[in-house]
Structures are given as structure tokens and as C-alpha cells.
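Participant: kindly return the folded structure for what I paste below:
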Amino acid sequence: MIPGARARGFAKSGILCALLFVFTRVSAPANDMTSTLLIGGSKIDVTIESGQMKVSQAELMQWVKSAAEAVASYYGRYPVPHVRIYIIPVDGSGIRHGQTFGYEGGLIKIRVGGQTPAAELANDWMLTHEMVHLSFPSMSDEHHWIEEGIAVYVEPIARIQAKQMNVEQMWSDLVRDMPKGQPQTGDKGLDHTHTWGRTYWGGALFCFVADVEIRKQTHNKKGLQDALRGILDAGGDITHDWELSEAWRIGDRATGTTVLSGMYAKWKDQPVEVDLASMWKDLGITPDGKSVRVTDGAPLAAVRRGITAPNALKESSSQTIYPSAVFAGRTVAGSRRAM
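Facilitator: Numbering: from 1, shown residues only. Below is the predicted model of the structure:
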């Protein structure tokens, strides 16, 4: 099996400043434009394929930069040394169908409608979701739920830690969407139930419950973020094939618990219903129409705050990368044209 050959996609403590250098060149085919970003020690080659687009090249590069900074904020560094990103213009508006591959160091393909406005890029979650895929080992087919679940769960937290999203919006979205991950009639556990809901939101539900439980057992000193950083620091990125049990062993070691291994033993072969109403109440999250209200007097309010706390406030074996960037070099228009 080629490491990372199967695409992952979503169809719809020292201070180290992240230095980002950008230069561009015309590449083959002649109408495509390739730019390179360096964030920390990682190289991100971005190819904007030819086509008419409402947004400028600079706005597309800012979109990539923001997603990269969010992921680096969560993991303490960018997940892989080198990744290639292909932005493919399509008809209409909106950001659509990202795919992430592990071969050749990492590859992301993402489609952007030619009529997409810059404001939509600024509020996008999909490219961050795809970049999170780079941070976890490639799994066999029955474990696709954890690959997608991590990306769904980590993406908004990473954006919050990079100051790109507000906390209330994340909790509102999770209150609305987490029930999609609950087991339905005939469910046989996460390893054996490959519906859309269980793959994406069932995986996210596992991550959420694990995060809360790790924090409860460690008195809020550790969380899922520490486990995932530990896995990445041990070499567990998308370019390597791992057994899920090995990833959980390393993640548990990073938190000093057995939460991940223990939960997996229960969730893999049988449906586990989560009492979400009680969890929201204990965390101090109250649904309020299409939004939520948060209460700091709830029993697990500190856990809720800890889940989204900025990296600078957390202990980690990884170096902390603060999402500030320095631009150097120059941008040339080449054959790209704004509509």
C-alpha cells in the first residue's frame, strides 16, 4: 500500500514566530501560477490553476496562509515538512470538495468557484479541515472515521486558537451537529458502520468525549490536543501507515491516561450512545435558538474553556508557533487575471 494513497476529503516551550516567505513563478502549464510559503520550517507550494476568478492571487494566498497558521497553532508546528496545494477554479461560487493525499510528502486539491468573494475565503473552514488531515497517520479503511473525525473536531478549535473564529460559534455548531454522530438502528460500532454521519460526526463525537474525559482525569492539565501532538511528534503524519492501536498507545502516553485506548475498545464494535444533553449542561452550554449561552458556573466550565484555550497557555513538548508572519520577496501577476 502506498502511504496515504487513499484520499481524505470533505465534499461540501520556546517562542518561534512563523516566518512566511512568498515568491511566485510561472509554472507548467504556462497559465498556472505557483507560489511558495514557508511557515516555520515547512514549505507549502501553492499552484493556482488557470481560470477566471473574482478573487486575486493575493487573496487566495492569504486564505492558504490563514489555514496553515491555524493548523500550526494547534499542533505547535506545521504537520509536514512539505505539502503541495492545488487550487482548482470551477464554475459558480463557493469552496468545494477538498481532498488530501499522503504521497510525495503531502498533496491537497481543493476547488474554488470563480464567483467566490474574498469574504467567503476569510470565513472558510474546508482548507483548514484538509490541512488537519496531514497531522495524523494514514489508517486502513475501517478506521476512516477517526481521520475524518479528527479533522471535523480539530478544525474549529485550531481556528479559534489562531483568533480566526469565536468560541460561541464553535459550541453552537457542535450543539447543532454532534447528534449526527450518534449511532442509529443497526449500528455495529465505528469500525463497522461507514455511514456519512458516523464517519464524520461519529468520529468527531469520539474526539469530543475523549477530550472531555482526558481533561477530567488530568484535572484539566492535558487534553486531546496533547495526545494528537504526541502522535505527530512521534512521526505519525499522513505520510506513514500506522495501526490505530499504536496511535492510541502513543496518545495515551502523552496524556498519562488510557482514555483513547479504553474508549476505542468500547466504541469500535458496538454502538455507544452519548448523553449530549448532560454533557452540554455540565460544560455550561445552553442552547438558545440558533445560538448558545455559556455559563462559567457549570461543573465543567473550566474544561470547556481549556478545550479552546490558546496554545500559549498550554504546556506541550512541541515548540509553540505563534501565528504571525513576515512577507518577503514579491508577487507577480503572471497570467492570472481577476474578473
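Participant: residue 86: neighbour count?
Facilitator: 17 (other Cβ atoms under 10 Å). From N, CA and C alone the C-beta is placed, and that goes for glycine too.
Participant: quick check: next helix or strand after the helix or strand hosting it?
Facilitator: Taking DSSP states H and E as the definition, one finds residue 86 inside strand 82-90. Using DSSP H and E, the helix or strand that follows strand 82-90 in sequence is strand 95-101.
Participant: quick one: strands adjacent to that following strand?
Facilitator: Take DSSP bridges as the rule and strand 95-101 pairs in its sheet with strand 8-10 (antiparallel), strand 107-113 (antiparallel).
Participant: can I get those in JSON lines including mean pLDDT?
Facilitator: Listed next are the strands paired with strand 95-101 as JSON lines, based on pLDDT from 0 to 100:
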{"stretch": "strand 8-10", "mean pLDDT": "57"}
{"stretch": "strand 107-113", "mean pLDDT": "97"}
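Participant: just the strands in this protein please.
Facilitator: Per DSSP state E, the chain carries strands over the ranges 8-10, 15-17, 22-27, 32-39, 42-48, 82-90, 95-101, 107-113, 285-288, 291-294, 320-322.
Participant: in JSON lines: the strands paired with strand 95-101, plus mean neighbour count and distance to residue 44.
Facilitator: Listed next are the strands paired with strand 95-101 as JSON lines, based on neighbours: other Cβ atoms under 10 Å; distance: least, Cβ to Cβ, whole Å:
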{"stretch": "strand 8-10", "mean neighbour count": "22", "distance to residue 44": "17"}
{"stretch": "strand 107-113", "mean neighbour count": "22", "distance to residue 44": "9"}
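Participant: closest one to residue 280 among those strands?
Facilitator: Nearest to residue 280, of all the strands paired with strand 95-101, is strand 8-10, at 24.8 Å by Cβ to Cβ.
Participant: list the contacts for residue 204?
Facilitator: 148-149, 152-153, 177-178, 181 (Cβ atoms under 8 Å, 6 or more residues apart in numbering).
Participant: hmm, which two among those residues are most spread apart?
Facilitator: 148 and 178 (14.2 Å).
Participant: which parts of the strand holding residue 86 are buried?
Facilitator: 83-87, 89-90 (16 or more other Cβ atoms under 10 Å).
Participant: relative to strand 95-101, how tilted is it?
Facilitator: 150 degrees (axes from the mean of the first three to the mean of the last three Cα atoms, to 10 degrees).
Participant: on that earlier part again, is it possible to export the contacts of residue 204 to a markdown table including distance to residue 128?
Facilitator: A markdown table is the format used below for those (distance: Cβ to Cβ, whole Å):
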| residue | distance to residue 128 |
| --- | --- |
| 148 | 14 |
| 149 | 15 |
| 152 | 11 |
| 153 | 12 |
| 177 | 16 |
| 178 | 19 |
| 181 | 20 |
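Participant: which PyMOL command selects the buried ones in the residues you listed?
Facilitator: To isolate the buried subset of those in PyMOL, counting by 16+ other Cβ under 10 Å, use the following:
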select buried, resi 148+149+152+153+178+181
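Participant: mind checking which of the contacts of residue 204 land in helices?
Facilitator: 148-149, 152-153, 177 (DSSP state H).
Participant: between those residues, which sits nearest residue 208?
Facilitator: Looking across the ones in helices among the contacts of residue 204 and measuring by Cβ to Cβ, the closest to residue 208 is residue 153, at 6.0 Å.
Participant: tell me, how many residues neighbour the closest residue to residue 190 other than its chain neighbours?
Facilitator: Computed as Cβ to Cβ, 6 or more residues apart in numbering, the closest residue to residue 190 that is not its neighbour in sequence is residue 145, at 4.8 Å. Burial of residue 145 is recorded as 28 neighbouring residues (other Cβ under 10 Å).
Participant: residue 145 against residue 199, yeah?
Facilitator: Yes. Using Cβ atoms under 8 Å, residue 145 is in contact with residue 199, at 4.8 Å.
Participant: now do the helices in this structure.
Facilitator: Going by DSSP H, the chain shows helices at 57-75, 118-122, 126-133, 144-161, 167-177, 196, 203-217, 224-233, 244-255, 259-267, 276-283, 301-308.
Participant: would you mind giving those helices as TSV with distance to residue 36 added?
Facilitator: TSV is the format used below for the helices of the chain (distance: least, Cβ to Cβ, whole Å):
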stretch	distance to residue 36
helix 57-75	10
helix 118-122	19
helix 126-133	16
helix 144-161	22
helix 167-177	31
helix 196	36
helix 203-217	32
helix 224-233	23
helix 244-255	31
helix 259-267	36
helix 276-283	42
helix 301-308	31
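Participant: want to try a markdown table for these, with distance to residue 38 and mean pLDDT as columns?
Facilitator: Putting the helices of the chain into a markdown table (distance: least, Cβ to Cβ, whole Å; pLDDT from 0 to 100) gives the following:
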| stretch | distance to residue 38 | mean pLDDT |
| --- | --- | --- |
| helix 57-75 | 10 | 96 |
| helix 118-122 | 21 | 95 |
| helix 126-133 | 15 | 98 |
| helix 144-161 | 19 | 98 |
| helix 167-177 | 29 | 97 |
| helix 196 | 37 | 97 |
| helix 203-217 | 30 | 98 |
| helix 224-233 | 19 | 98 |
| helix 244-255 | 28 | 98 |
| helix 259-267 | 33 | 98 |
| helix 276-283 | 39 | 98 |
| helix 301-308 | 28 | 98 |
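Participant: fine by me, we can end here.
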